[in-house]
Every structure is written in structure tokens, then in C-alpha cells.
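**Student:** Sequence first, predicted coordinates after that:
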There are 2 protein chains.
Amino acid sequence: MTEPAGAPATTARRRVPARQGSLREHNLALVLRHVLDAAGPAGAAPPSRADVATATGLTRGAVSALVDLLIGARLVAELPPLATARAGRPAVPLVPAAGTVVGLGAEVNVDYIGVRALDLAGDVLAHRTTAGDFRHSDPAGVLAVLAGLVGEVRAELPDGARLAGMCLALPGLVDRVTGPLRLAPNLGWRDVDVVALLAAHPEVDGLSVRLANEANLAARAEARAGAAGQSFLYVSGEVGIGAAIVLDGEVFAGRHGWSGELGHTVVDQQGPRCTCGARGCLEQYAGKDALLRAAGRDVEEPVDALLDAAGAGDERAARALRSAGEALGVALANFVNLVDVETIVLGGIYGPLAPWLTDAVVGQLRSRVLAAAWEDARVAVAAGGAHAAMTGAAVVVLRAVADDPSAWLDAPV
Amino acid sequence: MTEPAGAPATTARRRVPARQGSLREHNLALVLRHVLDAAGPAGAAPPSRADVATATGLTRGAVSALVDLLIGARLVAELPPLATARAGRPAVPLVPAAGTVVGLGAEVNVDYIGVRALDLAGDVLAHRTTAGDFRHSDPAGVLAVLAGLVGEVRAELPDGARLAGMCLALPGLVDRVTGPLRLAPNLGWRDVDVVALLAAHPEVDGLSVRLANEANLAARAEARAGAAGQSFLYVSGEVGIGAAIVLDGEVFAGRHGWSGELGHTVVDQQGPRCTCGARGCLEQYAGKDALLRAAGRDVEEPVDALLDAAGAGDERAARALRSAGEALGVALANFVNLVDVETIVLGGIYGPLAPWLTDAVVGQLRSRVLAAAWEDARVAVAAGGAHAAMTGAAVVVLRAVADDPSAWLDAPV
């Protein structure tokens, strides 16, 4: 039920015939994983070949040969040697190669679309976003614009960079069994074959593309950042409100991949009609449009304007934020009563808005969560950065590379 | 985060020094597990020694020796040999021994307490329940009555039956890390050292006792019955409303063991005050007391009386059931939007009441679950039988025996 690390394979240029299950391929992935993890936010200093041997239990000779292959494939790079106190050759620190293998993370959301190129070193090599109003939009038209951004990002990549594929974040139900986007209520998209529409554009043609829910992908970026621990609920506040359940570092997407629709938690059964057709869903109280409307502002405005107004003493803005926080707190209390997680991570627009929301959220959690007297659920601000879903999408692509580096070698392992 | 199969060990009479990790102990457990599983609801015909060898990959000689040990320990028994078409010795079917090793499953709930003795063959050897009103009760007094029931059940066990321990189901937050009952709102119990109170009674003295949440235990009985598949939400309707999330056959209890508090999902923020202190919790709309009150009946009445009234055309009873079903449906829609499970299992009083509740529940799920257009969550009636939590509690005790059968041998393995 948990999404496996890098499934399904994104392919990439597979230059050599696959020989599944080979021990050497397995060990190659093991060594690469160790170098990548050490470079991650939770990692220690870059390891030497000897460090990798100690950590993996492989012989030093085997590690050296595998590292040479990874360097040859430009997946791993060496830093200048460090002088050591011991006699013998100085240790050469190993790091993920920069600017060589690239994952594209894209997103279509209700008020922006964008593409980001990430390399194995975790650097953003290129990034494009376009603001717009994609409510009730035409999928083909929006995806044509997205394909244009993909083309711009690709043009900006350094010479010799190799694309491993693209993952697209969407604000809705992506069926992880059968593939297509089922429903993105705020876009007004229903049963859309997004991959086929994208493949029609030369900028995307030939690139392997997969889809995933935007909150699930943002949660991956958050798990990678490491600040929220390994088990948490990630809340992605946009026009819609998505969420992702992370258990032991993996996104729990559920049987079809449809977990995390926090925005459709009922706040008031007689409340206003939601884009999903039901009444009184959380989105109608704490989604971006609802929030801006309650503050007497235009829904096209960025949340910064709302923040500025509240900071400047605009009582209507402050009241709108407080009441959105209360509605969000009720929905989160329901969740924590049902699924005992330690931390709630506020992402998307709730990141910058957190100073205005947190008190109300915590108040509801304290009064409604049965276990609150023994241990409060912690409320934290997302550390995955702006456009975390795009980062998470690119990470998914790169993780597939890390799981099968042998496909990137020039010669068979 | 998932509760492991039989953790923590319930002990039992450990006659031989433990030698952890021994291959022979491991294989002994493997063979016993195969015989037990084959006898379960989802199992096939009783296996012969040869069948066990084929299924486990052990040699026939090794299996025979291990089976002999299990028979000697009275954990496994032989049925009369079957004539076979092939030449050679006829196959001897192996089954779990009946009436030998016994797990006690107990429960304290708001309107009854009880104890049930289950053997490895799955038979109930003895069973006692007492109806009562345990709202705002004194833990020591209630547990004294329970100890008396334990004494009666023990007196009824067949000669030579050996007790493996006891597990007690409680309607509230049981801390699986630190041990005690944190809170059972409907009993009015808070931070009670239930194990110590029970151990003061001679009927329980010397017996290993563990605690668990009643819905989690009832869900185990349901998973064992097999009708709901391997991933579902089990709803336990009593005076309070508990739930248990079952993923891939295991109860997901969460970090502290506090998952599943469905009864405190908010139905109406301005609704009536709940025993937990918050307002408008589901229990105040669909719990047993709330339901009987809405139907104009006494809360001490059994639900059968309500069922009879509704069946006889009592409009107030029918209306109370419909509106409880709607509130339950709202809470379940919230859950299914957040956690993508396939099946909702109605247990406790919701089992017999299901014909009056299901339409309203399904209606809410259809209109509120975002993915309902592609696949409805199935609503099923619990198959775990009456007092499923007691059965689940006894199963937990017996599963610990199955995980370490070597403790039950007369001589070291």
C-alpha cells in the first residue's frame, strides 16, 4: 500500500541490455545510494571509498571498481583528496555528480504551472513557472503551455546533461494502478490522459513521463529535507487543499493512490457547495480562494497581499485567517484522532501564512484530539521550500536512476 | 508503526532457557504456523507432513521431527490417516491441538464486561459476560468483577489445559509504548494501571496480562475471519465508537497506539458536548446511548429492542437510525477521503443495525468521497462474530504462542 521507492521505472536511455537481478547491478545501486544519502540533508561528510566499503560490507576492491564505473557514467564525482593523519593514500571524498543526470519535476496547479530541473547533487539547474487562472481549464491548452516551459528548461541545461525523465504533479486523484488523472476538481479536469496529451509536443516527445498527486510529491520533498522526521501528515494548501500521509519515510498513498483528500473533510454539512459537488468541505473555508474572499480580496491576488494586510492591522484579513485556521484545525483534529501521527507539516500557502494560522490550529487540536493531554501533535512549517511538489517530482525521477544505475553505464556491468 | 504479529511476548510457562535466534526454533514456529493457518477460515484441508515439507521448503525428515515435538507439546494433533491413491504410508492430516493451550480474551466496555477462553483450534472453551452500567465507574471495583469472571472461566477449562496469558480489550487509548490505559472517556477512566489492579486478584495472579484497544482487537478477529480482505476500516459501534485501520492484514495503531478514534470526528462544531469535552463528536449522534435517546428509549435497553421497534413501524426509531447512519456516513467519508481503503466493516451494534444504517452511510460516501465515481468504498457487516474484541484478544495471546512454540516444549529443542 506504500508507494515503493522509485516505482514504476522511468526508463531513461537504456544503453545496455537489462540483466535483472545481477548481484553486481545490486551492489552498484548500493554504492550509489550510499554516496547520494551522505550528500542529502540528513547525511554526514562525503564518504571515501573506504567509508563506503565499511558502510556496505563490500570489499574495498569491489567498492573501488564500482565507484570507478559510477564516475565513468558521471553519476558520482570525486572531490580533492583530504590529507589524513594516517599513512597511505589520502582519502578521496565522493559526491553525487553535478549537472550530469537530470530529473524534470513539473506541476500544474490552479493558479500556476511550472517545471524544475534537478540534478543528482540536488541543485536546481533551471526553473520556470507561469502564473495563470486554470480553473475549469482546457487540459490540452494548459499542457501545451507546460510543454513550452519544458522546452525552455531543457534549452537551459548544461552541455552533456542527460534527462532521466519527467514527473508531473497534479492537484487531484491520480490512479497509480491504471495511470490517468481521474479528477482534479479545481482544474475541472476529469479522466484526462495527460501523458498522451503531453507526448504530442516535440518538447516532451521521447521523454518518459509519469503523474502523481501534488501533495504526495511535496511530502517527498519534505521527507527528504528531514526536518519533520519520518512520520507526518503533510498539508498542501493551495486553491484546493491536499495532504499526504508519510509513514516511516514513505508516502502512504492507499490502494488506488487516492489518500490525502483533506480538502473534502466536512466542516459543516449545510455549508457552501464545493467544486466536488458536496457541501461544507474544508476547501470552502480554508482554501486560497475562500480565504481571499473572506478577507474581502480578489482571488487572483497572491497570499503575500493578504499577509501584508493582516500585518498592517486589517481586521477583516486577520479574522479570515483565524477562521480558516479554525476550520483547518477541526479537519486536522479529525485526522489525528483517526491516524496517530506525531507531526503536522503546513505546506503550500500555509507555510507563509503559518504565523496567522497556527494558534487556531493548535487550539482545535488541543480541544478535540483525544490524546492531546498526553502528547500534542506538533505543528511545523514545511521545510521543503517553495514549489516543493516540483522538487518532489524531480526527486522521484532521480530516485529511479539511483535504483538502477546500471542503465546509465556506457558498457554492461 | 504497524503492530507486529505477536509483540510483545506474553511469556507463558517458559520451561526451557530461551536460545534466541536458533534455526530449529525458527523452523518449529514455521511448521506450527503452517498447521494453524491451514486450519484458519481461509485455510485449505489439514496438511500432512509431506504437505508441510512442500510448503515450507524444509526436508521431510526435518518436518517429521518438528511435528513430533509439536505433538509432544500438545500444540498439534493428528487426525485419522487418509487412504491415498498412491502407494506407501497413508497421509496423516495435522490440525491444531484442541483444548490444550488456551488464550484468555477479556473486555471491559461501557455496558458489559466479559472473558472468553479460546484454544489453538479456534474453539471457545468457556465464556462469561455480565451486563452492567460502567459509565463513570471505579476501575478497582469493575476489575474485581472481571477477575471473578476470569476465575469462573478458568474453573471451566478442561483438565490439562495450559493458560498462555490474557489480553484485555478496553474502549480507549492504550499506550503501547508505556503500557497503561490513558483514557477511556465513556468509562471515565484516566491513567489507570489496569494490569496492577488485576494482578491483586488471586484469579489473575501469575497470569501475564496485556492491554489493547477494543476496536483494534475486534479488527484482528475480523482479519482472521477473512471476509473483509486484508485492508479495511473496522468500525466498532458501542456506547463509544472506535475504529481500527487494517493495512495488509495488520492493525495500524500509529506511533503511540492511538489511531482509530472515529467517535471523536466532528459532525457539528456547535453540537452537544461529548464525554471527551469537545462539542459535536460523532458519538453524540451515532453512539448507542445517543441512538436510543433519539429513538425515545432508555439507554439501558439492548439494541434488539430498538431493532424490533423500527421493524414494527415505529417512525421515531427508524428516524433515529437514519440520522445516526447519516452522521456515521459523514465521518466515514472524511476517513475514506484521507485514507484510501477499499472496505468499511460495520461491527459491534452496527452489525445487527446495518440493515437500517447502510443506505444512509452509502449515500454519504457516494456524495462526499472524491473518488466515489470510480470506485465505491464497500460497506460490509462484520464477520468476526459477537464479542469480536474478546476473540481478537485471545487470538493475540495465542499468536504469541505460535511465534515461539519452543517455550512450550518439555525439553529444549
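**Tutor:** The structure has been received and is ready for your questions.
**Student:** Not counting residues beside it along the chain, what's closest to A:Leu94?
**Tutor:** Computed as C-beta to C-beta, 6 or more residues apart in numbering or on different chains, the closest residue to A:Leu94 that is not its neighbour in sequence is A:Val35, at 4.9 Å. (C-beta placed from N, C-alpha, C; glycine too.)
**Student:** thought the one you found was touching A:Val95?
**Tutor:** Yes - contact status for A:Val35 versus A:Val95: in contact at 6.8 Å, counting by C-beta atoms under 8 Å.
**Student:** So which of these two has more stuff around it?
**Tutor:** Neighbour comparison, A:Val35 and A:Val95: the larger count goes to A:Val35, with 25 against 17 (by other C-beta atoms under 10 Å in any protein chain shown).
**Student:** secondary structure element for the more buried one?
**Tutor:** helix A:23-39 (DSSP states H and E).
**Student:** now do A:Ala196
**Tutor:** Per DSSP H and E: helix A:194-199 holds A:Ala196.
**Student:** excluding its backbone neighbours, what's nearest A:Ala77?
**Tutor:** Closest to A:Ala77 by C-beta to C-beta, 6+ apart is A:Ala97, at 4.5 Å.
**Student:** measure that neighbour to A:Leu398 for me?
**Tutor:** 11 Å (C-beta to C-beta, to the nearest Å).
**Student:** Find the residues that touch each one of these two.
**Tutor:** Common contacts of A:Ala97 and A:Leu398 (C-beta atoms under 8 Å, 6 or more residues apart in numbering or on different chains): A:119-120.
**Student:** related to what we said a few turns ago, which residues are in contact with the residue nearest to A:Leu94?
**Tutor:** Per C-beta under 8 Å, 6+ apart, neighbours of A:Val35: A:46-47, A:52, A:70, A:76, A:94-96.
**Student:** and the gap between it and chain B?
**Tutor:** The gap separating A:Val35 from chain B is 29 Å, by C-beta to the nearest C-beta, to the nearest Å.
**Student:** quick revisit: now the common contact residues for A:Val35 and A:Val95.
**Tutor:** In contact with both A:Val35 and A:Val95: A:46, A:76, using C-beta under 8 Å, 6+ apart.
**Student:** Ramachandran coordinates for the residue in the stretch 301-413 of chain A that chain B sits nearest to?
**Tutor:** The nearest approach of the stretch 301-413 of chain A to chain B comes at A:Asp340, 2.4 Å away (C-beta to the nearest C-beta). Main-chain torsions, A:Asp340, degrees, to the nearest 10: phi -80, psi 90.
**Student:** got it, and A:Pro139?
**Tutor:** phi -50, psi -50.
**Student:** In contact with it, which residues?
**Tutor:** A:Pro139 is in contact with A:187, A:189, A:192, A:194, A:197, counting by C-beta under 8 Å, 6+ apart.
**Student:** thinking again about what came up before, tell me what the helix holding A:Ala196 is packed against?
**Tutor:** Packing contacts for helix A:194-199, counted by 3 or more C-beta pairs under 8 Å, 6 or more residues apart in numbering or on different chains; DSSP states H and E, involve helix A:139-155, strand A:162-170, strand A:209-213.
**Student:** residues in contact with it?
**Tutor:** Helix A:194-199 is touched from outside by A:139-140, A:143, A:146-147, A:168, A:170, A:179-181, A:204-205, A:209-211, with contacts defined as C-beta under 8 Å, 6+ apart.
**Student:** Run the chain-centre distance for it.
**Tutor:** Mean C-alpha position of helix A:194-199 versus that of the full chain (C-alpha atoms, centre = their mean, to the nearest Å) differs by 21 Å.
**Student:** in that helix, what's buried?
**Tutor:** A:194-195, A:197-199 (16 or more other C-beta atoms under 10 Å in any protein chain shown).
**Student:** Can you convert those residues into CSV and add a column each for pLDDT and distance to B:Gly237?
**Tutor:** Conversion of these to CSV gives the following (pLDDT from 0 to 100; distance: C-beta to C-beta, whole Å):
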residue, pLDDT, distance to B:Gly237
A:Val194, 94, 42
A:Val195, 93, 44
A:Leu197, 94, 47
A:Leu198, 94, 48
A:Ala199, 92, 50
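**Student:** surely A:Tyr350 meets A:Gly237?
**Tutor:** Yes - the pair A:Tyr350 / A:Gly237 is scored as a contact, 3.8 Å apart, by C-beta under 8 Å.
**Student:** Which positions in whatever helix or strand A:Leu118 lives in come out as buried?
**Tutor:** In this structure, A:Leu118 sits in strand A:112-119 according to DSSP H and E. Neighbour counts over strand A:112-119 (16+ other C-beta under 10 Å) mark A:113-119 as buried.
**Student:** Over to stretch A:320-336?
**Tutor:** Neighbour-count burial for stretch A:320-336 [16+ other C-beta under 10 Å]: A:320-321, A:323-336.
**Student:** Filter the residues you listed down to the ones in strands?
**Tutor:** Among the buried residues of stretch A:320-336, no residue falls in strands (DSSP state E).
**Student:** near chain B, which of the residues you listed show up?
**Tutor:** A:330-331, A:333-335 (C-beta under 8 Å from any C-beta of the partner chain).
**Student:** Just put those in TSV and tack on distance to B:Glu156 and pLDDT.
**Tutor:** Shown next, in TSV, are those (distance: C-beta to C-beta, whole Å; pLDDT from 0 to 100):
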residue	distance to B:Glu156	pLDDT
A:Val330	49	95
A:Ala331	50	96
A:Ala333	45	95
A:Asn334	44	94
A:Phe335	45	93
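**Student:** I'd like the next helix or strand past the helix or strand bottoming out on mean pLDDT in chain A.
**Tutor:** The weakest-scoring helix or strand in chain A, judged by mean pLDDT, DSSP states H and E, is strand A:250-252 (a mean of 86). Downstream of strand A:250-252, the next assigned helix or strand under DSSP H and E is helix A:283-286.
**Student:** coming back round to it: ok, which pair from the contacts of A:Pro139 is furthest apart?
**Tutor:** A:Leu187 and A:Leu197 (13.1 Å; C-beta to C-beta).
**Student:** could you say which helix or strand contains A:Arg190?
**Tutor:** strand A:189-192.
**Student:** Could you give me the buried positions within that strand?
**Tutor:** For strand A:189-192, the neighbour count (16+ other C-beta under 10 Å) marks A:189, A:192 as buried.
**Student:** repeat for stretch A:116-129
**Tutor:** So, applying 16+ other C-beta under 10 Å, buried residues of stretch A:116-129: A:116-122, A:125-129.
**Student:** Tabulate those residues (CSV), appending pLDDT and distance to chain B.
**Tutor:** Shown next, in CSV, are these (pLDDT from 0 to 100; distance: C-beta to the nearest C-beta, whole Å):
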residue, pLDDT, distance to chain B
A:Arg116, 97, 27
A:Ala117, 97, 31
A:Leu118, 96, 28
A:Asp119, 96, 33
A:Leu120, 96, 30
A:Ala121, 93, 32
A:Gly122, 91, 28
A:Leu125, 96, 35
A:Ala126, 96, 34
A:His127, 96, 30
A:Arg128, 97, 30
A:Thr129, 96, 26
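**Student:** List just the nearest of those to B:Leu58.
**Tutor:** A:Leu120 (45.2 Å).
**Student:** what's the closest non-adjacent residue to the closest one?
**Tutor:** A:Pro96 is the one closest to A:Leu120 (C-beta to C-beta, 6+ apart), at 3.9 Å.
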